[in-house]
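Chemist: From the sequence below, what's the structure:
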Amino acid sequence: MDLLRSLPLGLYLEQPITWLHRLDPRVKLAWLMTFLVTPLLSNLTWRLGIVALLVLLTGLAQIPWRALRQQVGWILVFCVLILAITAAMPDGLAVRYQPRLPTNELQVPQAVSAAAAETRREWYDPFGWLKASQTPSLKPSTVVEDKPYRYVLLQKGPVTITRQSLRLGVQLCTGYFTLIYSTTLFLLTTAPEEITAALDTVFQPLKRWKIPVIEVSLTLTLSLRFIPLVLEEVQNLVRSVQTRAINWKKLGVRGAAQLWLTVADRLLENLFLRAEQIAGAMASRGFASPNTHQVKWQQLRMRSRDWVALSFLSVVLGLRVLAAFELF
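Modeler: Modelled structure (predicted):
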């Protein structure tokens, strides 16, 4: 068991260096926000297009399968389960609502409203000429469908899959896949220092409202660097328990609970010790505060490839605007 390679938290692929690694982190952050925001209130075609674009970017970057096998496997299993559960659940369209008023009381108002609708004219067309001129001529349709329309796609026992439930399942499946996979791809090709440098640059306008942007960036950097330390401590403690060949049947439930509480207490002690060591190392290097002792890990500069990526991003955003107005 190697938690540092099996979990996607804070994972960064150092080798090989692809063209996604060389992009400016601010550009990659803009692409990430596009992947996360544009699927909101979008149709199914756009969601499937975003998924296809993510897969295409991964293929063009030539990221090795060994780095994606564990993460992509869990993501696919999770999305397939969501699709199956949502498609098999009721879609809610066949729910019968009880009328607020009795049936006999609804007949008279409906008749009166129908008669009033026939005699009432609009204020801009009191004689009904405009409405008559705009009424389209109805022609009988000559198109004969080969296959009849079926709303219920599958019905076997208690499982019923309809068009609406399948559409909802695909929407949820693609939404979760985009959320998890785009974030994983961003962390896979962006170093923690680059992420904090990009966020520090993007959040600079917030200093006008006295928001501690530098402190937040420093905290994010330390937290991203601390995640592998936490995984390493958990891995070492689990291996120490496995090497002692403990007979869990003799311990029972109470003994096993006490043992794991001891392991958790030891884990907290080790993590606090690591945090104290990091603080001591920062203090020994003369670190007083983020405002007076800033460390520039990355010098961000826009290159030609970054401008090309931004141009493609503008095209994607333009297509999203056209899709919002249903222009294509």
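
Chemist: How are the helices of the stretch 51-200 of the chain distributed by residue range?
Modeler: Taking DSSP state H, counting those that start in this stretch, the helices of the stretch 51-200 of the chain run over residues 65-88, 103-119, 129-134, 163-189, 192-202.

Chemist: Buried residues, the next helix or strand after the last one. List them.
Modeler: Using DSSP states H and E, the helix or strand that follows helix 192-202 in sequence is helix 213-243. Within helix 213-243, the residues that qualify as buried are 213-214, 216-218, 221, 224, 228-231, 233-234, 237, counting by 16 or more other Cβ atoms under 10 Å. Where C-beta positions appear, they are placed from N, C-alpha and C, glycine not excepted.

Chemist: Distance from the chain centre to helix 213-243, please.
Modeler: 24 Å (Cα atoms, centre = their mean, to the nearest Å).

Chemist: That helix vs helix 163-189, what angle?
Modeler: Relative orientation of helix 213-243 versus helix 163-189 (axes from the mean of the first three to the mean of the last three Cα atoms, to 10 degrees): 100 degrees.

Chemist: Show me what helix 213-243 is packed up against.
Modeler: On a contact count with 3 or more Cβ pairs under 8 Å, 6 or more residues apart in numbering; DSSP states H and E, helix 213-243 meets helix 3-6, helix 192-202, helix 248-284.

Chemist: got any ranges where this structure has weak pLDDT?
Modeler: Applying pLDDT under 70 to the chain flags the ranges 1-10, 70, 92-147, 286, 288-298, 327-328.

Chemist: domain assignment for it?
Modeler: 1-93+149-191+301-328, 214-297 (automatic domain parsing).

Chemist: which of those domains sits most buried?
Modeler: Greatest average neighbour count among the domains of the chain goes to domain 1-93+149-191+301-328 (a mean of 15), per mean count of other Cβ atoms under 10 Å.

Chemist: Can I take it that Y12 is in a helix?
Modeler: No. Going by DSSP: H, G, I helix; E, B strand; the rest coil, the assignment for Y12 is coil, not a helix.

Chemist: Please report the distance of the closest residue to it other than its chain neighbours from R274.
Modeler: Take Y12 and drop its neighbours on the chain: the residue closest to it by Cβ to Cβ, 6 or more residues apart in numbering is A191, 5.7 Å away. A191 sits 21 Å away from R274, going by Cβ to Cβ, to the nearest Å.

Chemist: and what of P25?
Modeler: Distance from P25 to R274, by Cβ to Cβ: 27 Å.

Chemist: what do you get for P39?
Modeler: Computed as Cβ to Cβ, the P39 to R274 distance reads 39 Å.

Chemist: which residues sit in contact with L251?
Modeler: Each residue near L251 by Cβ atoms under 8 Å, 6 or more residues apart in numbering is listed here: L259.

Chemist: sorry, back to before: next, format the helices of the stretch 51-200 of the chain as JSON lines and append distance to R320.
Modeler: Listed next are the helices of the stretch 51-200 of the chain as JSON lines, based on distance: least, Cβ to Cβ, whole Å:
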{"stretch": "helix 65-88", "distance to R320": "22"}
{"stretch": "helix 103-119", "distance to R320": "41"}
{"stretch": "helix 129-134", "distance to R320": "34"}
{"stretch": "helix 163-189", "distance to R320": "13"}
{"stretch": "helix 192-202", "distance to R320": "21"}
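
Chemist: V308: which of those helices is closest?
Modeler: helix 163-189 (16.5 Å; Cβ to Cβ).

Chemist: roughly how far out does the closest one sit from the chain middle?
Modeler: Distance of helix 163-189 from its chain centroid, counting by Cα atoms, centre = their mean, is 6 Å.

Chemist: what's the angle between that helix and helix 65-88?
Modeler: Going by the same axes, to 10 degrees, helix 163-189 is angled at 160 degrees with respect to helix 65-88.

Chemist: From G59, how far off is L81?
Modeler: 25 Å.

Chemist: typo on my end, it should be Y176
Modeler: Distance from Y176 to G59, by Cβ to Cβ: 21 Å.

Chemist: Please apply the same query to Y149.
Modeler: Y149 is 37 Å from G59, where distance means Cβ to Cβ.

Chemist: cool, and V159?
Modeler: 35 Å.
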